[in-house]
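*Asks:* Quick one: sequence and predicted model below, then my questions.
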Amino acid sequence: MADKIKVLYVDDEVHNLQSFKATFRRTFDVFIAESGAEGLKVFQENEIDIILTDQRMPGMTGIELLVEIRKINPEPMRILLTGYSDINAVIDAINKGQVYRYLNKPWQEEELKLTIESAFEVYHLRRENKELIVKLERANDQLEFLLRQRLLS
């Protein structure tokens, strides 16, 4: 992990964005957005590993944002933050947004840091697995070709 983990944090509360950026700017490569629409734009313009979003935002909820992000690229890990205990939001987050974790606000610095690092580890392992599957399929194709050649000779 030579490069920093690229984290997009979307929240309509500017002080939360500023606090997050101030807290984690040395640890992660932090991108911030004040709305779901702005978050989508940032996501499309950058290679993001982890998306962290508030649930309750005007215009587009966090879950709606995560659903849209999944349509663009389902690979990055998704974490939902909320200051409200809404069981329907939790269910939607899991079912529609396929979130990795659901955390309550206000977030605890160490818990959030560990959650982001854990999410990245899963993200990284999934990417490695996909690459290994591609290599294995290529090797299998080459082996099949060699076996056919032997059978024909």
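*Replies:* Looks like it arrived, so ask away. Residues are numbered from 1 along each chain as shown.
*Asks:* Sketch out the low-pLDDT regions of this structure for me.
*Replies:* Filtered on pLDDT under 70, the chain yields the residue ranges 1-2, 85-93, 95-97.
*Asks:* what's the longest helix in it?
*Replies:* Among the segments of the chain that qualify as a helix by DSSP state H, the longest is helix 109-152.
*Asks:* Now do the contacts for residue 46.
*Replies:* By Cβ atoms under 8 Å, 6 or more residues apart in numbering, the contact set of residue 46 is 6, 8, 31. To be clear about C-beta, it is placed using only N, CA and C from the backbone, and glycine gets the same treatment.
*Asks:* Most neighbours among those residues, which one is it?
*Replies:* Most neighbours among the contacts of residue 46, by other Cβ atoms under 10 Å: residue 8, with 23 neighbours.
*Asks:* Helix, strand or coil: sort out that one for me.
*Replies:* Secondary structure state of residue 8, per DSSP: H, G, I helix; E, B strand; the rest coil, is strand.
*Asks:* what bridges to it?
*Replies:* Residue 8 has the following beta-bridge partners by DSSP bridges: residue 31, residue 51.
*Asks:* quick one, what contacts it?
*Replies:* By Cβ under 8 Å, 6+ apart, the contact list for residue 8 reads 31, 32, 33, 39, 42, 43, 46, 48, 50, 51, 52.
*Asks:* Distance check, it against residue 139.
*Replies:* According to Cβ to Cβ, to the nearest Å, residue 8 and residue 139 sit 36 Å apart.
*Asks:* which one of the contacts of residue 46 sits closest to residue 75?
*Replies:* Comparing the contacts of residue 46 against residue 75 with Cβ to Cβ places residue 6 closest, at 12.2 Å.
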